[in-house]
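Chemist: Need the 3D shape of this:
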Amino acid sequence: MGRARDGGGPGFIEAVTYRFEGHYFGEPEVYRSREEVKAQRQQHDPITLLHDRLIEAGADPAELDRCKARALQAVEAALAFADASPEPDPATFEDYVYA
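Modeler: Residues are numbered from 1 along each chain as shown. Next up, the predicted model:
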């Protein structure tokens, strides 16, 4: 990261993660158990890990809670906006596609 910040150009970051949810809403997920997902979330959830590291570094838990509340409000506002928006015009399906 320091190389990129110092003007050395772009770099590559490999982010290995675990998908906590199914591929689509209502997927039966017969290929893994609920216990596996729960164990992975407890050990590897990046949001929880960051929260814990911030607390260890001296962050104020109340401020982290306020930050989380603001983020949830932003998500709820975005969902409300999307739900209230009209469906897109099918004629614009290929707009801004550059491949």
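
Chemist: and E63, what element?
Modeler: helix 61-84 (DSSP states H and E).

Chemist: any idea of the pLDDT on the residue nearest the centre of the chain?
Modeler: Among the residues of the chain, the one closest to the centroid is I47, at 8.5 Å (CA atoms, centre = their mean). What the model reports for I47 is a pLDDT of 90.

Chemist: got it, and P86?
Modeler: Looking at P86, its pLDDT reads 96.

Chemist: Now do the contacts for it.
Modeler: Contacts were defined as CB atoms under 8 Å, 6 or more residues apart in numbering; by that measure P86 touches no other residue. Glycine gets a C-beta too; all of them are placed from N, C-alpha and C.

Chemist: In three-state terms, label it for me.
Modeler: Here P86 is recorded as coil under DSSP: H, G, I helix; E, B strand; the rest coil.

Chemist: Quickly note the distance from it to H44.
Modeler: Computed as CB to CB, to the nearest Å, the P86 to H44 distance reads 40 Å.

Chemist: Disregarding residues adjacent in the polypeptide, which is nearest to H44?
Modeler: Once flanking residues are discounted, H44 sits nearest to Y18: 5.6 Å by CB to CB, 6 or more residues apart in numbering.

Chemist: All set now, cheers.
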